[in-house]
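> okay, predicted coordinates and the sequence, questions at the end:
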Amino acid sequence: MKFSANLGFLWADRPLPDAIRAAAKAGFDAVECHWPYAVPAAEVKAALNETGLPMLGLNTVRGDVEAGENGLAALPGREADARASIDEAIAYGRDIGAGKVHVMAGFAEGPEAEAVFLANLRHACAAAAPHGMSILIEPLNRYDAPGYFLTTTDQARGLIEAAGAPNLKLMFDCYHVQLMEGDLTHRLQALLPLIGHIQFASVPDRGAPDHGEVSFAHVFEVIEGLGWMAPLGAEYKPTGPTDDSLGWLASFR
Ligand SMILES: O=C(O)C(=O)[C@@H](O)CO
Ligand SMILES: [Mg+2]
């Protein structure tokens, strides 16, 4: 198996270029991030070139975080901000060679939010396609993100089908899907053609994948059996220094 270090959580105490170096030193095959925008893209690119690691993806900005925003793309009335955040993420991703942009929906509900989200996703897919990039949407669980617009894989499937864009894909985060729906391995199998990236963390505490209610030894074996070759995103919150949390990495290789 190949693994990608999610630098939104792993080595999050270090500047992003140093976190990239730490991931390479620890033996990861790739990295991914949340919101890299405060760091000039050239510095991130230099660290990627130095280590040889690819950056798989990044997120659109959340908006006004202090006011509690968690994405803009499903918010009626915020279309201009949402599209600016999408264009920003695509441009930054292009500069660092990241092929996937996770477009964050935000806190919203109802048919108007769905129509706005779909229109913004169509814009994102059209803007990303010429650069060979994909757009990801990710259902988040109701405990960590109550009120988030996108919460289930069924809802994501409906949006992907309605958008009709081949570069719109599902971010299947095993942590969120287990909390909302369970039945991880059947869902991975059924949704495989729609999946653009897979992430994981222990459930329910979002720690390293070596404890909790999900056996990742089994889940990873199933993913491998499905022919999935891309690195799996380690998006968990270490309880201490990240380097002390990595026992699982050698054991799952
Ligand atoms: O929370 C997650 O899970 C993510 O993947 C983030 O990128 C979105 O908050
Ligand atoms: Mg995730």
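Noted; the coordinates are in hand. Ligands and ions are numbered 1, 2, ... in the order given.
> and the gap between the one residue in the stretch 101-250 of the chain that gets nearest to ligand 2 and P139?
For the stretch 101-250 of the chain, the residue closest to ligand 2 is D173, as judged by C-beta to the ion, at 3.5 Å. Every C-beta, even on glycine, is put in place using the N, C-alpha and C of the backbone. Separation of D173 from P139 (C-beta to C-beta, to the nearest Å) stands at 8 Å.
> those two: which has the busier surroundings?
More crowded of D173 and P139, by other C-beta atoms under 10 Å: P139, with 26 against 22.
> and the stretch 151-253 of the chain, which residues reach ligand 2?
Residues of the stretch 151-253 of the chain found near ligand 2 (C-beta under 5 Å from the ion) are 173, 199, 235.
> can you give me the helices for this structure?
16-26, 41-51, 79-96, 111-128, 153-163, 174-180, 184-191, 216-225, 247-251 (DSSP state H).
> right, and A41 touches I96 too?
Yes. Counting by C-beta atoms under 8 Å, A41 touches I96, with 5.3 Å between them.
> what about these two, which has more around it?
Neighbour totals were compared for A41 and I96, and I96 leads with 21 against 17 (other C-beta under 10 Å).
> quick one: that one from F9, how far?
19 Å.
> ok, back up a step: return the most buried member of the helices of the chain.
Of the helices of the chain, the one with the most neighbours on average (mean count of other C-beta atoms under 10 Å) is helix 174-180, at a mean of 23.
> leaving out the residues flanking it, which one is nearest to A26?
L246 (5.7 Å; C-beta to C-beta, 6 or more residues apart in numbering).
> and that neighbour, how many residues sit next to it?
What L246 shows, counting by other C-beta under 10 Å, is a neighbour count of 20.
> do L75 as well
For L75, the count of nearby residues is 22 (other C-beta under 10 Å).
> how close does it get to A42?
Taken as C-beta to C-beta, the span from L75 to A42 is 32 Å.
> repeat that for R83.
Distance from R83 to A42, by C-beta to C-beta: 25 Å.
> quick check, nearest of the residues of the stretch 151-253 of the chain next to ligand 2 to ligand 1?
Each of those was checked against ligand 1 using C-beta to the nearest ligand atom; the closest is D173, at 4.6 Å.
> what sits against that closest one?
138-140, 198-201, 233, 235 (C-beta atoms under 8 Å, 6 or more residues apart in numbering).
> nearest to A156, of the residues you listed?
P139 (5.4 Å; C-beta to C-beta).
> quick check, pLDDT for the closest one.
Listed pLDDT for P139 reads 99.
> so it touches H176, yeah?
Yes. Using C-beta under 8 Å, P139 is in contact with H176, at 5.8 Å.
> mutual contacts of A41 and I96, please.
By C-beta under 8 Å, 6+ apart, no residue touches both A41 and I96.
> before we move on, back to that, so what pairs up with the residue of the stretch 101-250 of the chain closest to ligand 2 in the strands?
Q199 (DSSP bridges).
> tell me the spacing between it and N70.
Distance from D173 to N70, by C-beta to C-beta: 15 Å.
> before we move on, what about Q178?
Q178 is 20 Å from N70, by C-beta to C-beta.
> repeat that for N6.
The value you get for N6 to N70, if C-beta to C-beta is used, is 17 Å.
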